[in-house]
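**Q** Sequence and computational prediction follow.
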Amino acid sequence: MTAAPATVDGVDELADLLGAGGALVLSGAGLSTESGIPDYRGATGSLRRHTPMTYQTFTRDPRGRHRYWARSHVGWRQIATARPNAGHRAVAALQAAGAVGAVITQNVDGLHQAGGAEDVTELHGGLDRTVCLACGDVADRAELDARLRTANPGFRPEGTEEVNPDGDVELPEAALDGFVMVDCLACGRGPLKPDVVFFGETVPRDRVDRCFSLVDRARSLLVLGSSLTVMSGYRFVIHAAKRGIPVGIVNVGPTRGDAKADIRVDAPLGRVLPELAVRLA
């Protein structure tokens with residue numbers, strides 16, 4: 001099947017843009033959908049069906065926190081076994097070829113790194129780590145998973161196949177009472193939190209500053225699979241446009257940054273990125 005001319009023209013322009021080298025990638029949930037992780041705002045997005053955990057609920061409501069960990073204990077298995085797709089691998093290939101430099105990702109699934117990318121800044125953290133809210137200890141999520149499996153043998157409620165982008169699943173309230181949460185191994189007191197930025201939580205300032213610095217040093221900014229609905233990622237598009245840094249956007253459907261884009265391609269990332277990698281790698 002022949003691609004629509006607009007898509008072909010857009011890919012040609014993207015290849016010219018990336019051919020100059022040193023592009024900074026800003027990726028969103030749309031890059032991971034082909035790995036089986038749903039996005040928040042797409043046609044089948046998670047926000048259409050459930051309200052994600054907020055920082056305020058997690059830190060102030062013990063029952064809400066217990067609910068999150070019960071759901072996340074089940075959902076983590078799908079996140080942990082997800083594999084990078086052709087788009088992730090293409091980004092790594094473009095990086096190895098010098099067309100792409102650093103990567104900023106809004107995703108928390110670790111698939112960029114698993115796909116071979118380097119110099120990845122996880123804007124919203126990573127689900128593969130936990131942090132203690134009492135002592136600040138950061139630990140491997142696999143360690144927590146092993147402890148939770150021991151504390152909850154056979155905990156697998158029915159109807160929990162579909163994982164949400166933040167790594168949890170929907171569970172009936174009745175199932176929560178059968179779940180046992182564990183405390184921090186380092187201090188034995190503090191509640192644990194995934195090392196991610198929840199809705200309503202602020203991205204650490206030093207991380208934001210690093211991302212602005214990456215934009216300043218980039219020859220272009222390439223947005224992949226993000227609707228740019230939230231300011232967390234959109235601010236880097238605004239910053240690039242103000243500094244005259246060319247912006248390319250590849251996403252299925254419109255984005256908040258379309259008016260600031262020099263190049264806009266509305267097509268699946270799994271189709272566009274491998275084509276770019278073949279041309280430039």
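**A** Yep, it's here.

**Q** and the nearest residue to residue 232 once chain neighbours are set aside, what does it touch?
**A** Nearest residue to residue 232, sequence neighbours excluded (Cβ to Cβ, 6 or more residues apart in numbering): residue 203, at 6.1 Å. (Each C-beta comes from the backbone N, C-alpha and C, glycine too.) Residue 203 makes contacts with 123, 124, 197, 232, as judged by Cβ atoms under 8 Å, 6 or more residues apart in numbering.

**Q** go on, residue 95?
**A** 101, 103, 117, 118, 119.

**Q** Which of those fall in strands?
**A** 101, 103 (DSSP state E).

**Q** Residue 108 contacts residue 196, doesn't it?
**A** Yes. In terms of Cβ atoms under 8 Å, residue 108 counts as a neighbour of residue 196; the distance is 4.7 Å.

**Q** who touches both of these two?
**A** Joint contacts of residue 108 and residue 196 (Cβ under 8 Å, 6+ apart) are 124, 125, 126, 127, 166.

**Q** Weed out the non-buried ones from these.
**A** The neighbour count (16 or more other Cβ atoms under 10 Å) marks 124, 125, 126, 127, 166 as buried among the shared contacts of residue 108 and residue 196.

**Q** of these, the lowest pLDDT goes to which?
**A** Among those, residue 166 carries the weakest pLDDT, at 66.

**Q** Could you list the residues in contact with the longest helix belonging to the chain?
**A** Taking DSSP state H as the assignment, the helix of the chain that covers the most residues is helix 62-81. Applying Cβ under 8 Å, 6+ apart, the contact partners of helix 62-81 are 36-37, 53, 57-59, 109, 127-128, 141-142, 145, 148, 152, 155-157, 160, 163-164, 167-171, 175-176, 179, 181, 191-192, 194.

**Q** Could you pull out the strands in this protein for me?
**A** 23-27, 100-105, 120-122, 125-132, 138-140, 192-196, 220-224, 247-250, 263-265.

**Q** And those: which comes nearest residue 186?
**A** Each of the strands of the chain has some distance to residue 186 by Cβ to Cβ; the shortest is strand 125-132, at 6.2 Å.
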